[in-house]
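Undergrad: Give me a model of this one.
(one chain, ligands or ions: 1)
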Amino acid sequence: MDHFLYRDGALHAEDVAISEIAAAVGTPFYVYSTATLTRHFKLFEEALSPLPHLVCFAMKSNANLAVIRTLAGLGAGMDVVSIGEYLKAKAAGVPGERIVFSGVGKTRADMRTALEGGIRQFNVESEPELLALNEVAVSLGLRAPITIRVNPDVDAKTHEKIATGKKENKFGIPISRARAVYAEAAALKGIEVVGIDVHIGSQLVDLEPFEQAYLKVAELTKLLRADGHDIRRLDLGGGLGIPYERSNAAPPLPLDYGAVIKRTVGDLGCEIEIEPGRLISGNAGLLVSEVIYVKSGEEREFLIVDAAMNDLVRPSMYGAHHDIVPVIEPAPGTETQPYDIVGPVCETGDTFAKQRPLPPLKAGDLIAFRSAGAYGAAMASEYNMRPLIPEVLVNGDQFAVIRARPTYDEMINRDTLPSWL
Ligand SMILES: *Cc1c(COP(=O)(O)O)cnc(C)c1O
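TA: Numbers count the residues shown, from 1 in each chain. Below you'll find the predicted structure:
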């Protein structure tokens, strides 16, 4: 459930009409709902209670400072995958002890910054990383709290670009090598083993792969404890999928996911961490765009809109579906017609949807892409010299721009000319 509903024939974000925001900030823009973010976060809190736990929002899904501050205010931790995200989490007021640091390519400089600034744990993804982290920690006279990310070799049954838990993927260490690597870690002066980490992929719409992976983690916990390691924390990753198509069967709810966690690892006495991104932010955001032209091709009608693949890359990158709705509610009984919805970028891949049934639309009408709060603004670029579009946060009857559109001068002046030109 989200808080983007029609009211008196017009799409609203909570109590604010989308058309009112469009008039104030211009299109295209992203709009997020505080009530929806809050609701989704609380679903995970409820799903994990009464186990001791920390829900760490995966910042890579939506790294806006105001979104991070909103979630941090509810008690969320953060899962960061770069030092930039770490610094942004800190800037949003998240204490270091609530930040977990994932990712296969942490540099020594990243490690130093996080160790000095405070960190809950590093989720270590390889032996070379483990050795580097030890060196950095020793040089600072510190011990780095770590989990090791194990790759459980389960098929997440999701899009190949976002499956991470198969043995051919670049993430984590093979679970079969875990005991050897934990033994290596325990012998390092700058390392403090605190638990185990696993993350098998994104947009999972079936609980079964989670169950398989978590059973393997439970078994490993017992083995590692028998080897003398203090396994007190389990980071179970993110990845629970969301309904991108309202007409499809709904993916499992956080409560069902929580039940799998309780059933598989709930009796180990560990603190549970999870790293949901998409499920918290995805359906808490819309991308709003204006129809520039309706173009009749030989065989089809194109809606040329002012948003493009650089603003929302998922359809072109993953073939992803986003529901698209008109901002003015169609009158009951309005006949739909199929449109190809495309952006202005000079690539055929700049297509949001093909033959999508929509009520008749004309130039100047507004449309909204649903489920755009995750991996939308976060993956945007300035391809074709298109400015990063504004992000807006709604809270009840208030709204605020939380990232402004840059001016063209600002964009141009970011480049510099060498002396010989
Ligand atoms: C991407 C990622 C997540 C979040 O995935 P979602 O599908 O957005 O829940 C969590 N943890 C790690 C390590 C990730 O790489």
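
Undergrad: Excluding chain neighbours, what is closest to Val394?
TA: Nearest residue to Val394, sequence neighbours excluded (CB to CB, 6 or more residues apart in numbering): Ala13, at 4.3 Å. To be clear about C-beta, it is placed using only N, CA and C from the backbone, and glycine gets the same treatment.

Undergrad: Report how many residues lie close to the one you found.
TA: Taking other CB atoms under 10 Å as the neighbour definition, Ala13 ends up with a count of 29.

Undergrad: Could you double-check that it sits in contact with Tyr30?
TA: No - applying CB atoms under 8 Å as the test, Ala13 and Tyr30 come out as separate, 10.6 Å apart.

Undergrad: list the residues that contact both of those two?
TA: For the pair Ala13 and Tyr30, residues contacting each of them under the criterion CB atoms under 8 Å, 6 or more residues apart in numbering are Leu286.

Undergrad: Which neighbouring elements make contact with the helix or strand harbouring Lys216?
TA: With the criterion set as DSSP states H and E, the secondary-structure element containing Lys216 is helix 208-226. With contacts defined as 3 or more CB pairs under 8 Å, 6 or more residues apart in numbering; DSSP states H and E, the secondary structure elements packing on helix 208-226 are strand 144-151, helix 178-186, strand 191-197, helix 254-265.

Undergrad: Can you give me the buried ones in that helix?
TA: By neighbour count, with 16 or more other CB atoms under 10 Å as the criterion, the buried positions of helix 208-226 are 209-218, 220-221, 224.

Undergrad: Tell me the gap between the next helix or strand along the chain from it and the middle of its chain.
TA: Following the chain from helix 208-226 toward its C-terminal end, the next helix or strand by DSSP H and E is strand 233-235. Taking CA atoms, centre = their mean, to the nearest Å, one finds strand 233-235 lying 20 Å from the centre of the chain it belongs to.

Undergrad: on contacts alone, who are the packing partners of strand 233-235?
TA: The helices and strands touching strand 233-235, judged by 3+ CB pairs under 8 Å, 6+ apart, are strand 121-124, strand 191-197, strand 271-274.

Undergrad: Residues of this protein that sit close to the ligand?
TA: For the chain, the residues in contact with the ligand under the definition CB under 6 Å from any ligand atom are 58, 60-61, 79, 81, 102, 199, 202-203, 237-239, 275-279, 374.

Undergrad: run the last query once more with 5 Å
TA: Taking CB under 5 Å from any ligand atom as the test, the list of the chain residues beside the ligand reads Ala58, Ser61, Ser102, His199, Ser202, Gly237, Gly238, Gly239, Glu275, Pro276, Gly277, Arg278.

Undergrad: for the closest residue to the second one other than its chain neighbours, what are its contacts?
TA: The shortest distance from Ser61 to any residue other than its chain neighbours is 3.1 Å, reached at Gly277 (CB to CB, 6+ apart). By CB under 8 Å, 6+ apart, the contact list for Gly277 reads Phe57, Ala58, Met59, Lys60, Ser61, Asn62, Asp79, Ser202, Gly238, Ala374, Tyr375.

Undergrad: same question, Leu253
TA: Residues counted as contacts of Leu253 (CB under 8 Å, 6+ apart) are Leu43, Ala47.

Undergrad: So for the residue of the stretch 1-150 of the chain found nearest the ligand, what's the pLDDT?
TA: Using CB to the nearest ligand atom, the point where the stretch 1-150 of the chain gets nearest to the ligand is Ala58, with a distance of 3.4 Å. Looking at Ala58, its pLDDT is 98.

Undergrad: Show me the beta-bridge partners of it.
TA: Per DSSP bridges, the residues bridged to Ala58 are Asp79.

Undergrad: Surely it is in contact with Glu275?
TA: Yes - contact between Ala58 and Glu275 holds when scored by CB under 8 Å: they sit 4.9 Å apart.

Undergrad: Now do the shared contacts for the two.
TA: Asp79, Gly238.

Undergrad: State the distance from the residue nearest to Val394 to Val392.
TA: Per CB to CB, to the nearest Å, Ala13 is found 8 Å from Val392.

Undergrad: residues shared between the contacts of the two?
TA: Residues touching both Ala13 and Val392 by CB under 8 Å, 6+ apart: Ile21, Val31, Tyr32, Phe399.

Undergrad: helix or strand for the first one, which one?
TA: Counting by DSSP H and E, the element that carries Ile21 is helix 18-25.

Undergrad: ditto for the third one
TA: Tyr32 is part of strand 29-33, with elements assigned from DSSP H and E.

Undergrad: so where is the stretch 101-250 of the chain shaky, pLDDT-wise?
TA: Along the stretch 101-250 of the chain, segments meeting pLDDT under 70 are nowhere present.

Undergrad: let's see 80
TA: In the predicted model of the stretch 101-250 of the chain, residues 161-169, 246-249 satisfy pLDDT under 80.

Undergrad: can you pull out the strands in the stretch 301-421 of the chain?
TA: Applying DSSP state E, counting those that start in this stretch to the stretch 301-421 of the chain gives strands spanning 301-305, 324-326, 337-342, 351-358, 366-369, 391-395, 398-403.

Undergrad: And the stretch 1-150 of the chain, by the same measure?
TA: Secondary structure of the stretch 1-150 of the chain (DSSP E, counting those that start in this stretch): strands located at 4-7, 10-13, 16-17, 29-33, 53-58, 77-80, 99-101, 121-124, 144-151.
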